[in-house]
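J.: quick one: sequence plus predicted model below, questions after.
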Amino acid sequence: MDDNRIIRTEYSEEMQKAFIDYAMSVIIARALPDIRDGLKPVQRRVLYDMYELGIRFDKPYRKSARIVGDTMGKYHPHGDSSIYDSLVVMSQDFKKGLALIDGHGNFGNIEGDGAAAMRYTEARLEKVTQEAFLGDLDKDVVDFVPNFDETEKEPVVLPVRIPNFLVNGSEGIAVGMTTSTPPHNLGEVIDAMKAYMQNENITVRELMRHLKGPDFPTGGVVTNKDDLQEIYETGAGRIKIRGKVEFEKVKGGRTNVVISEIPYTMIGAGIAKFLSDVAALVETKKTQDVTDISNQSSKEGIRIVIELKKDADAENFVNLLYKKTRLEDTFGVNMLAISDGRPETMGLKQILKANVDFQYELATRKYTNLLAKELERKEIQEGLIKACNVIDLIIEILRGSKDRAMAKACLVEGKIDGIKFKTKESKIMATQLMFTEKQANAILEMRLYKLIGLEIEALINEHEDTMANIYRYEDILDRRDSMAQVIMNELDEYKKEYGRKRRTVIDNVEEAVYKEKEIEETDICILVDRFGYIKSMDTAAYERNREAADAENRFVFSCKNTGKVCVFTDTGQLHTIKAADIPFGKFRDKGTPLDNISNYNSEKEQAVYITSQTELNLRQVVFVTAQSMMKLVDGGEFDVSKRTVAATNLTDGDAVVSVAALHEQRYIILQTKEGVFLKFSVEEIPEKKKGAVGVRGMKLSPKDSVEKVYYTMVLDNTSIEYKGKEILLNDLKNGRRDTKGTKIRV
């Protein structure tokens with residue numbers, strides 16, 4: 001076949017096939033665990049490699065780099081970081097319900113600090129891993145397949161004797177699917193598995209008498225107990241978890257809120273995020289009860305202390321934490337695993353069935369192999385016992401034979417040709433010998449000390465033990481009840497040695513309700529400078545500094561402390577800010593950027609008008625754009641709950657140049673960039689909805705645009721300076737809307 005042959009194919013079909021192949025590779029060979037042993041391929045390979053290297057629980061630790069390198073070279077050619085990360089996670093008892101690797105050195109912590117580099121850390125197998133995960137590998141109970149380059153063999157699945165998929169849980173992201181299974185209590189999982197073995201028609205509700213729910217290594221409280229049955233029936237759902245909170249009374253009648261257990265989802269950077277979230281609640285004045293917060297966690301466990309003021313309502317404050325931080329969080333459950341070679345979301349009963357079937361398969365292969373070995377041992381033992389009874393004859397045959405083959409032929413087939421016997425009786429007896437091949441080999445290799453009386457007695461006792469084992473193995477293989485009992489006895493041993501008390505509380509808890517303290521309504525003054533910094537202050541303080549405040553700030557207005565502030569921008573957006581979120585301070589305080597307390601973005605938009613919601617509700621609002629589009633809008637339309645809405649509709653390339661609330665203004669004056677002025681009555685501006693574009697205010701020359709807008713009242717002496725010339729606005733000629741206006745000559 002020509003290697004340079006061009007294959008013509010449909011591009012989309014080739015891409016589809018390639019992507020499906022890639023997706024299945026990720027799903028099967030990387031991201032998802034096998035339902036039988038609960039391990040992903042990289043985890044299985046790390047454990048098997050440690051088993052092969054002999055890094056047992058009772059042997060010295062070995063460098064992690066050695067394990068990673070060996071695993072990568074033999075079984076997992078996907079990069080050392082994924083292998084080491086997997087090794088680290090399997091050693092972290094705060095992530096796994098049952099740690100599988102005994103790590104020595106810095107293997108990270110619950111607060112998110114990473115493990116040291118693999119060249120610094122050491123590891124070995126945990127005892128439970130060696131016994132329950134790898135113990136029967138030498139008994140040919142699982143299939144082996146060639147590795148990636150066919151130079152080694154690796155197991156398809158580990159002969160795990162406990163339902164590891166449930167005990168340790170799993171997390172993984174494949175292509176188009178994810179797996180997320182919470183860890184469970186080993187003892188409860190074993191009890192549920194035994195209950196299923198005793199009654200395969202058992203319901204999920206009955207299984208949950210044994211397996212109460214998830215048991216996270218971090219403890220905490222599952223608050224939606226009633227939802228668990230549906231989750232375990234379908235294999236998917238959402239578990240609500242909370243940290244464990246205690247109250248400590250301290251000197252001065254104050255109360256400290258102490259968090260001693262965190263939600264499982266807070267492991268890692270979540271603790272630092274929680275601390276910053278609490279600080280943010282204080283900074284934004286969502287709460288004023290906190291005096292200090294400290295993370296006193298150590299090797300002994302989690303301890304986050306929040307000190308409250310003397311008159312603080314501690315329970316109400318904790319409810320605020322539940323609502324606004326990850327102290328209460330959701331764990332999404334999707335118990336997806338590889339079953340019979342394909343991904344499947346499985347309920348509790350399906351998972352237990354898969355594990356029980358696997359245990360029967362392991363036991364069948366194990367005891368079939370053990371029985372075969374015992375039968376072979378029985379054959380040899382019977383041959384040796386029979387040989388001891390006629391040992392004189394056998395010695396005579398051996399002494400009279402020329403070679404091993406002649407002696408063996410006599411022992412197996414009774415052939416005596418060429419063998420010299422001392423007596424005719426011996427010769428006749430030799431022709432009647434009928435040992436098997438294996439028996440004959442054992443006799444020929446038997447050492448003389450085996451003829452000692454005690455050795456013969458030991459051989460007979462050993463034969464009795466062998467017969468007992470054969471009887472037991474045949475019983476286990478012939479009767480399913482016997483095999484089930486053996487499996488359950490082993491499970492009981494694992495539960496007794498490795499089981500522990502439940503850490504997570506399962507309960508039904510009412511949703512947290514936070515009652516905000518009623519704020520006494522007062523008038524405050526809001527100041528916004530030309531740089532976009534906003535602050536609030538006491539009205540009396542403003543009055544004392546009125547002249548300077550008005551001169552130094554772009555917007556100054558009064559507002560209720562319970563009200564809202566509205567920010568209109570040149571892009572036609574309206575951003576609302578709660579007055580309570582605006583930092584309160586003294587006159588000379590700098591304030592805070594609008595960007596920090598609203599959706600306003602100073603890099604993309606400019607504030608055109610800022611005022612209080614209360615002011616708008618009483619007024620009509622005038623909008624004027626650069627392209628001279630204008631309208632009146634009822635201010636009540638801007639009383640919205642959203643933080644950002646569209647305040648007006650703009651055509652392409654247009655921008656808002658002025659927004660103003662009408663009081664007693666009679667005339668509006670539009671000024672363009674080219675110095676054209678048009679003055680007309682505000683009564684000519686029609687009222688529209690906020691979503692309208694509006695009507696044209698004045699006719700503009702092709703390259704001109706509205707630059708500024710002024711308002712006057714009757715008998716108003718307001719003047720402006722335009723290019724060095726003072727213009728009295730009321731002296732301008734009254735015109736009509738949608739006319740060209742008058743150009744001012746200077």
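T.: Cool, got the structure.

J.: got a list of what the nearest residue to residue 66 once chain neighbours are set aside touches?
T.: Excluding the flanking residues, the one nearest residue 66 by Cβ to Cβ, 6 or more residues apart in numbering is residue 53, at 7.6 Å. All C-beta atoms are positioned from the backbone trio N, CA, C, and that covers glycine. Residue 53 is in contact with 62, 66-67, 70, counting by Cβ atoms under 8 Å, 6 or more residues apart in numbering.

J.: again, only this time at 7 Å
T.: Going by Cβ atoms under 7 Å, 6 or more residues apart in numbering, residue 53 touches 62, 67, 70.

J.: I'd guessed the second one sits against residue 50; true?
T.: Yes. Shown here, residue 67 and residue 50 form a contact pair, counting by Cβ atoms under 7 Å, at 5.9 Å.

J.: how many neighbouring residues does residue 731 have?
T.: When neighbours are defined as other Cβ atoms under 10 Å, residue 731 has 9 of them.

J.: so where do the strands sit in the stretch 401-550 of the chain?
T.: Per DSSP state E, counting those that start in this stretch, the stretch 401-550 of the chain carries strands over the ranges 505-506, 523-528, 533-538.

J.: just so I know, which of those lies nearest residue 421?
T.: strand 505-506 (82.7 Å; Cβ to Cβ).

J.: sheet partners, orientation included, of the closest one?
T.: Partner strands and pairing direction for strand 505-506 (DSSP bridges) are strand 221-222 (parallel).

J.: the partner strand: how far from the chain's middle?
T.: Distance of strand 221-222 from its chain centroid, counting by Cα atoms, centre = their mean, to the nearest Å, is 17 Å.

J.: by neighbour count, which of the contacts of residue 53 wins?
T.: In the contacts of residue 53, the most neighbours by other Cβ under 10 Å go to residue 67, 25 neighbours.

J.: residue 701 and residue 383, how far apart?
T.: Residue 701 sits 119 Å away from residue 383, going by Cβ to Cβ, to the nearest Å.

J.: so which of the two has more stuff around it?
T.: Between residue 701 and residue 383, residue 383 has the larger neighbour count (other Cβ under 10 Å), namely 21 against 12.

J.: shouldn't that one be within a helix?
T.: Yes. Assigned with DSSP: H, G, I helix; E, B strand; the rest coil, residue 383 falls within a helix.

J.: so it sits against residue 443, correct?
T.: Yes. At 6.3 Å, residue 383 and residue 443 qualify as touching, with contact defined as Cβ under 7 Å.

J.: what is in contact with these two at once?
T.: Common contacts of residue 383 and residue 443 (Cβ under 7 Å, 6+ apart): residue 435.

J.: in three-state terms, how would residue 321 be classified?
T.: Per three-state DSSP, the secondary structure class of residue 321 is helix.

J.: quick one: the helices in the stretch 1-150 of the chain?
T.: For the stretch 1-150 of the chain, the helices defined by DSSP state H, counting those that start in this stretch cover 11-26, 41-53, 64-74, 80-91, 127-128.

J.: among the ones you listed, pick out the one with the most neighbours on average.
T.: Across the helices of the stretch 1-150 of the chain, the average number of neighbours (mean count of other Cβ atoms under 10 Å) peaks for helix 41-53, which reaches a mean of 23.

J.: just the closest of the contacts of residue 53 to residue 227, please.
T.: Residue 227 has its nearest neighbour among the contacts of residue 53 in residue 67, at 40.9 Å by Cβ to Cβ.

J.: residues in contact with the particular helix or strand that has residue 192 in it: which ones?
T.: In the assignment (DSSP states H and E), residue 192 maps to helix 186-198. With contact meaning Cβ under 7 Å, 6+ apart, helix 186-198 is reached by 97-98, 162-163, 166-167, 202, 207, 210-212, 352, 355-356, 484, 488, 491, 494-495, 498-499.

J.: hmm, back to that, how near is the residue nearest to residue 66 to residue 125?
T.: For residue 53, the distance to residue 125 (Cβ to Cβ) stands at 10 Å.

J.: got a pLDDT number for the spatially closest residue to residue 432 that is not a sequence neighbour?
T.: Leaving aside its sequence neighbours, residue 432 sits nearest to residue 414 (Cβ to Cβ, 6+ apart; 6.1 Å). At residue 414, the model reports a pLDDT of 81.

J.: quick one: residue 414 and residue 433 touch, right?
T.: Yes. Counting by Cβ under 7 Å, residue 414 touches residue 433, with 5.2 Å between them.

J.: among these two, which residue is more densely surrounded?
T.: residue 433 (20 against 14).

J.: quick check on that one: phi, psi?
T.: Here is the backbone geometry of residue 433 (degrees, to the nearest 10): phi -70, psi 140.

J.: tell me the helices and strands packed up against the host helix or strand of residue 577.
T.: Assigned by DSSP H and E, residue 577 falls within strand 573-578. In this structure, strand 573-578 packs against strand 564-569, strand 644-646, with contacts taken as 3 or more Cβ pairs under 7 Å, 6 or more residues apart in numbering; DSSP states H and E.

J.: show residues contacting that strand.
T.: Looking at what lies outside strand 573-578 - Cβ under 7 Å, 6+ apart - the contacts are 564-568, 597-600, 605, 638, 640, 643-647.

J.: equivalent analysis for stretch 134-149, please.
T.: With contact meaning Cβ under 7 Å, 6+ apart, stretch 134-149 is reached by 47, 51, 74-75, 77, 153-159, 362, 365-366, 369.

J.: quick one: the helices in the stretch 351-500 of the chain, in order.
T.: 391-400, 404-413, 424-431, 437-445, 453-478, 480-498.

J.: care to break this protein down by domain?
T.: As given by automatic domain parsing, the domain ranges for the chain are 39-156, 244-326, 359-498, 523-743.

J.: any chance of those in TSV, with distance to residue 337 too?
T.: Putting the domains of the chain into TSV (distance: least, Cβ to Cβ, whole Å) gives the following:
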stretch	distance to residue 337
domain 39-156	10
domain 244-326	19
domain 359-498	16
domain 523-743	43
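
J.: secondary structure class for residue 715?
T.: coil.

J.: how far away is it from residue 664?
T.: In terms of Cβ to Cβ, residue 715 sits 11 Å off from residue 664.

J.: ok, residue 715 - how many residues close by?
T.: 7.

J.: what's the answer for residue 374, then?
T.: Using other Cβ under 10 Å, residue 374 has 22 neighbouring residues.

J.: looking at it, it is touching residue 466, isn't it?
T.: Yes. Here residue 374 reaches residue 466: they are 5.5 Å apart, a contact under Cβ under 7 Å.

J.: quick one: the closest residue to residue 462 other than its chain neighbours and residue 179, what's the gap?
T.: Leaving out its chain neighbours, the residue that sits closest to residue 462 by Cβ to Cβ, 6+ apart is residue 381, at 6.3 Å. Between residue 381 and residue 179 the computed distance is 51 Å (Cβ to Cβ).

J.: of those two, who's got more company?
T.: residue 179 (24 against 21).

J.: contacting residues around that one?
T.: Here residue 179 is in contact with 32-33, 170-172, 334, 336-337 (Cβ under 7 Å, 6+ apart).

J.: could you redo the last one with a cut-off of 8 Å?
T.: Going by Cβ under 8 Å, 6+ apart, residue 179 touches 31-33, 170-172, 334-337.

J.: the helix or strand containing it: which residues count as buried?
T.: Following DSSP H and E, one finds residue 179 within strand 178-181. Buried residues in strand 178-181, counting neighbours by 16 or more other Cβ atoms under 10 Å, are found at 179-181.

J.: could you single out the nearest of those to residue 687?
T.: Once Cβ to Cβ is applied, the member of these that ends up nearest residue 687 is residue 180, at 54.8 Å.

J.: in the sheet, who's paired with the closest one?
T.: Beta-bridge pairing of residue 180 under DSSP bridges involves residue 171, residue 334.

J.: you'd agree it is up against residue 173?
T.: No. Look at residue 180 against residue 173 with Cβ atoms under 8 Å: they stay out of range, at 9.4 Å.
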